[in-house]
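Student: Okay, here's the prediction I keep looking at, along with the sequence it came from:
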Amino acid sequence: MTPKTSAHTLAQNLFRALRFVWDSGRGWTLASAALLVVQGLLPLAMLYLIKLVIDSVTANLSSSNPSAGLYEVIFLLSLLGVVAVASTACSILKSFVHTGQAQAVTDYMSSILHAKSVDVDLEYYEEPQYYNTLHRAQREASSRPTRILSALFDTGQNGISLIAIGALLFWFHWGILFVLIGTALPIVFVRLRYGKKLYAWQKGTTPAERESWYLNLMLTRDTHAKEIRLFDLGKLFIDRFRNLREGIRRERLSLEGRRSIAELVAHSSSVAAAIGVNIFFAYQTLLGFLTLGDLVMYFQAVQRGAGFLQSLMMNLAYLYESNLFLTHLYDFLDIQPKAVEPQRPQAIHRPLQQGIVFDHVKFDYPSGTRKVLEDISLTIRPGEHIALVGENGAGKTTLVKLLARLYDPSAGRITIDGVDLRDLKPAELRKEISVVFQDFAKYHFTARENIWLGNTLLPRDTDQVIDAARMAGIDSALRRLPKGYDTILGRWFEGGEELSIGEWQKIAIARAFLRDAQIVILDEPTSAMDAKAEYELFQHFHELTKGRTAILISHRLSTVKMVDRIYVLEDGRILESGHHNDLLERDGEYAKMFSLQAQYYR
Ligand SMILES: Nc1ncnc2c1ncn2[C@@H]1O[C@H](COP(=O)(O)OP(=O)(O)OP(=O)(O)O)[C@@H](O)[C@H]1O
């Protein structure tokens, strides 16, 4: 990368960060800018007033009536007081504006990260690299843009003050300014060097950071609480967490230690230079070239000038360092989803006309090492109800994930009414698909909302929520809750009521039924239900899926008897297919599995 390109990239990256700040709250940004200008000019006004006070006192001391000048001194000191109060007011206001702005930026960046997290393909969630990137992005997103803005404003403010004070020093002797600049450079060098080291260290330590975060999650969430107690895993996990954190802390402290020593050396050189320049001014005063007022003003100018210069250099170094850290954030924000909108999206017919076709579909997970689907070809006619059966890991769930376009096939194609899924808008396709996965979600919201989330186009208080609950066999249980459908489910929030797994499953089914979708997919929908609930659900299966195309995945073969066609999958291939009776007659794999299960019930 040429220096020109890297300067260009630096500017681009910083500008992008500033856009986030601007978009998150324009008022805050403008207020910060106004304060910057005022705060930049006040120090010079103070210096000048101090000089006037001292000069006035010295002039009056040598006059015949020294006390006559008191009014002038009082006036000048009052002015100084006003400037000092204004300066404090600006600092207080700045802190207020900074808090408001920081919060606005944090919330805004969270919303951007959330939107991206929802946008990316599901496959990213299966890669550790994705979580590393997300973790680093989250760490940078909340504060980095605001700090960049502060650094830029401080640079501006220090720059304004420095130009004023620098002009004063330059006017006296040009060399003074260069001495001060020269001594600030080692500080910048240290800052840049350790900024790069910190960046590399943070990148390398992300997996350990995430592992400790994971252990923390397990130790503090309800999901693992039972097993941790019963298997007595608490101490083991706590020790692992402590060891990881200790390692991270040790490395960080060692880096900080080295940086502190280097900074001390650099700062000492700067202090030595300031003392040298002050000695020069004292000598000039003794020679009679400077008044006492001048001496005090120059002393202060050197002290403040060196301070401003250091801040300026540090801020510039910080901006450069931020450029590195911003790549963490941009790496995440720039992930491009693969399931993109097609150029010329096709519409899905309502009702479906030809149905769904899997045409020589092959698939392997991006993170996997083997083909999960080998060569799947099947047709599901509109309104047909089919079942997928087969051993664990045969590829049943994967097949429906492809249909919902959570992934694209590695080879072959899937069509709906002859249109490749890739030529449909992903959102339009998913509107037509209603699915209950084995690992369905439990939302810690009210019971009503849990079902309504299946179709948020409907009003929240629609009676269809209750119809769906009734069809899924959960209506009466929900009515018995303390606040009925308005009871919060789960134990995370106050007043929440926990349900049994089977009841949660019925809620997930109700949610799926509320969706006005033409294709219904039920993946092991009754795995946690009692025999009666399962019986009732399948009694109503045809009614529930009337007019819709349905795919049912189940290990309990008694529940798939009534579908139009059963596909038996083995190792990612279709082994046999047909109606229950045909498959029994064929006396193949299905018949074997069926009689194996049936013998338990005899
Ligand atoms: N997210 C994933 N990433 C990588 N490989 C996966 C992933 N999900 C599943 N697999 C692999 O794909 C194979 C098929 O999984 P799939 O969930 O489709 O099986 P299934 O037939 O639905 O099994 P089950 O009856 O246990 O639900 C599994 O053996 C597993 O190795």
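Tutor: Received the coordinates, thanks. The model shown is predicted, which means the values in this text are computed figures rather than measured ones.

Student: Please list the residues of the chain that sit near the ligand.
Tutor: 126, 365, 367-368, 372, 390, 392-398, 438 (CB under 6 Å from any ligand atom). Where you see a C-beta, it was placed from the backbone N, CA and C, and this is true even at glycine.

Student: Just send these back as TSV, with neighbour count and pLDDT too.
Tutor: Below are the residues of the chain next to the ligand laid out as TSV (neighbours: other CB atoms under 10 Å; pLDDT from 0 to 100):
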residue	neighbour count	pLDDT
126	14	74
365	15	85
367	13	73
368	11	74
372	21	91
390	22	92
392	6	90
393	13	90
394	22	92
395	24	93
396	24	94
397	18	93
398	21	93
438	15	85
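
Student: Take these and lay them out in JSON lines including secondary structure.
Tutor: JSON lines is the format used below for the residues of the chain next to the ligand (DSSP: H, G, I helix; E, B strand; the rest coil):
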{"residue": "126", "secondary structure": "helix"}
{"residue": "365", "secondary structure": "coil"}
{"residue": "367", "secondary structure": "coil"}
{"residue": "368", "secondary structure": "coil"}
{"residue": "372", "secondary structure": "coil"}
{"residue": "390", "secondary structure": "strand"}
{"residue": "392", "secondary structure": "coil"}
{"residue": "393", "secondary structure": "coil"}
{"residue": "394", "secondary structure": "coil"}
{"residue": "395", "secondary structure": "coil"}
{"residue": "396", "secondary structure": "helix"}
{"residue": "397", "secondary structure": "helix"}
{"residue": "398", "secondary structure": "helix"}
{"residue": "438", "secondary structure": "coil"}
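
Student: will you turn these into JSON lines that also has distance to residue 327?
Tutor: Converted to JSON lines, these look like this (distance: CB to CB, whole Å):
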{"residue": "126", "distance to residue 327": "23"}
{"residue": "365", "distance to residue 327": "28"}
{"residue": "367", "distance to residue 327": "24"}
{"residue": "368", "distance to residue 327": "29"}
{"residue": "372", "distance to residue 327": "34"}
{"residue": "390", "distance to residue 327": "45"}
{"residue": "392", "distance to residue 327": "42"}
{"residue": "393", "distance to residue 327": "39"}
{"residue": "394", "distance to residue 327": "42"}
{"residue": "395", "distance to residue 327": "38"}
{"residue": "396", "distance to residue 327": "41"}
{"residue": "397", "distance to residue 327": "36"}
{"residue": "398", "distance to residue 327": "34"}
{"residue": "438", "distance to residue 327": "38"}
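
Student: Of the residues you listed, just say which sits nearest to residue 330.
Tutor: residue 126 (22.4 Å; CB to CB).

Student: which ones are touching that closest one?
Tutor: Listed by CB atoms under 8 Å, 6 or more residues apart in numbering, the contact set of residue 126 reads 365-367.

Student: 7 Å instead?
Tutor: 365, 367 (CB atoms under 7 Å, 6 or more residues apart in numbering).

Student: what's the answer for the one 4 residues further on, then?
Tutor: Residues in contact with residue 130 (CB under 7 Å, 6+ apart) are residue 124.

Student: Mind listing what's buried along the helix or strand hosting it?
Tutor: Secondary structure assignment for residue 130, by DSSP states H and E: helix 128-141. For helix 128-141, a neighbour-count test (16 or more other CB atoms under 10 Å) marks 130-141 as buried.

Student: How about stretch 404-415?
Tutor: Neighbour-count burial for stretch 404-415 [16+ other CB under 10 Å]: 404-409, 412, 414-415.

Student: Need the residue closest to the centroid of this protein.
Tutor: In the chain, the centroid-proximal residue (CA atoms, centre = their mean) is residue 113; its distance is 3.8 Å.

Student: That one touches residue 137, doesn't it?
Tutor: Yes - Residue 113 is within contact range of residue 137, at 6.3 Å (criterion: CB atoms under 7 Å).

Student: Just give me how far stretch 446-453 sits from the chain centre.
Tutor: 26 Å (CA atoms, centre = their mean, to the nearest Å).

Student: brain fart, stretch 87-101
Tutor: The answer for stretch 87-101 is 28 Å, by CA atoms, centre = their mean.

Student: Determine the three-state secondary structure at residue 386.
Tutor: strand.

Student: Chain neighbours aside, what residue packs nearest to it?
Tutor: residue 565 (4.9 Å; CB to CB, 6 or more residues apart in numbering).

Student: neighbours around the one you found, how many?
Tutor: 19 (other CB atoms under 10 Å).

Student: I'd like the distance between the closest residue to residue 482 other than its chain neighbours and residue 239.
Tutor: Nearest in space to residue 482, with sequence neighbours left out and distances taken as CB to CB, 6+ apart, is residue 497 at 6.7 Å. Distance, residue 497 to residue 239, by CB to CB, to the nearest Å: 36 Å.

Student: okay, those two: which has more neighbours?
Tutor: Between residue 497 and residue 239, counted using other CB under 10 Å, the more crowded position is residue 497 (15 against 11).

Student: Now for that one: which residues touch it?
Tutor: When contacts are taken as CB under 7 Å, 6+ apart, residue 497 is in contact with 481-482, 487, 489.

Student: Among the residues you listed, which ones are in strands?
Tutor: Among the contacts of residue 497, DSSP state E puts none in strands.

Student: unless I'm mixing things up, residue 326 is touching residue 15, no?
Tutor: No - the criterion here is CB under 7 Å, and residue 326 misses it with residue 15 at 10.6 Å.

Student: show me what contacts the residue nearest to the centre of the chain?
Tutor: 137-138, 141.

Student: Between helix 128-141 and the host helix or strand of it, find me the angle.
Tutor: In this assignment (DSSP H and E), residue 113 forms part of helix 70-119. Angle, helix 70-119 to helix 128-141, by axes from the mean of the first three to the mean of the last three CA atoms, to 10 degrees: 160 degrees.

Student: for helix 70-119, what is the average pLDDT?
Tutor: For helix 70-119, mean pLDDT rounds to 89.

Student: cool, stretch 535-552 as well?
Tutor: Here the average pLDDT along stretch 535-552 is 82.

Student: And that stretch, end to end?
Tutor: 15 Å (CA to CA, to the nearest Å).

Student: Return the set of buried residues in that stretch.
Tutor: 536-538, 541, 544-545, 548-552.

Student: Out of the buried residues of stretch 404-415, which comes closest to residue 152?
Tutor: The shortest approach to residue 152 among the buried residues of stretch 404-415 belongs to residue 406, at 42.1 Å (CB to CB).

Student: can you give me phi and psi for that closest one?
Tutor: When read as degrees, to the nearest 10, the backbone of residue 406 gives phi -80, psi -20.

Student: List the buried residues for stretch 513-530?
Tutor: Buried residues in stretch 513-530 (16+ other CB under 10 Å): 513-515, 517-526, 528-529.

Student: what's the answer for stretch 473-481, then?
Tutor: Here stretch 473-481 shows 473-475, 477-478, 481 as buried, counting by 16+ other CB under 10 Å.

Student: average pLDDT across it?
Tutor: Averaged over stretch 473-481, pLDDT sits at 94.

Student: Likewise for stretch 329-336?
Tutor: 86.

Student: What are the contacting residues of that stretch?
Tutor: Contacts for stretch 329-336 (CB under 7 Å, 6+ apart): 112, 116, 120, 124, 133-134, 137, 140-141, 144.

Student: which among these gets closest to residue 42?
Tutor: Using CB to CB, the contacts of stretch 329-336 come closest to residue 42 at residue 144, 28.6 Å.

Student: And the residue of the stretch 201-350 of the chain that's closest to the ligand?
Tutor: residue 338 (15.2 Å; CB to the nearest ligand atom).

Student: So that residue sits against residue 121, correct?
Tutor: Yes - contact criterion CB under 7 Å: residue 338 and residue 121 qualify, at 5.1 Å.

Student: Which stretches in the stretch 501-602 of the chain count as strands?
Tutor: 519-523, 549-553, 565-570, 573-578 (DSSP state E, counting those that start in this stretch).

Student: I'd like those laid out as TSV, including distance to residue 226.
Tutor: Shown next, in TSV, are the strands of the stretch 501-602 of the chain (distance: least, CB to CB, whole Å):
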stretch	distance to residue 226
strand 519-523	25
strand 549-553	28
strand 565-570	33
strand 573-578	38
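
Student: Before I go, just wanted to say thanks for your time.
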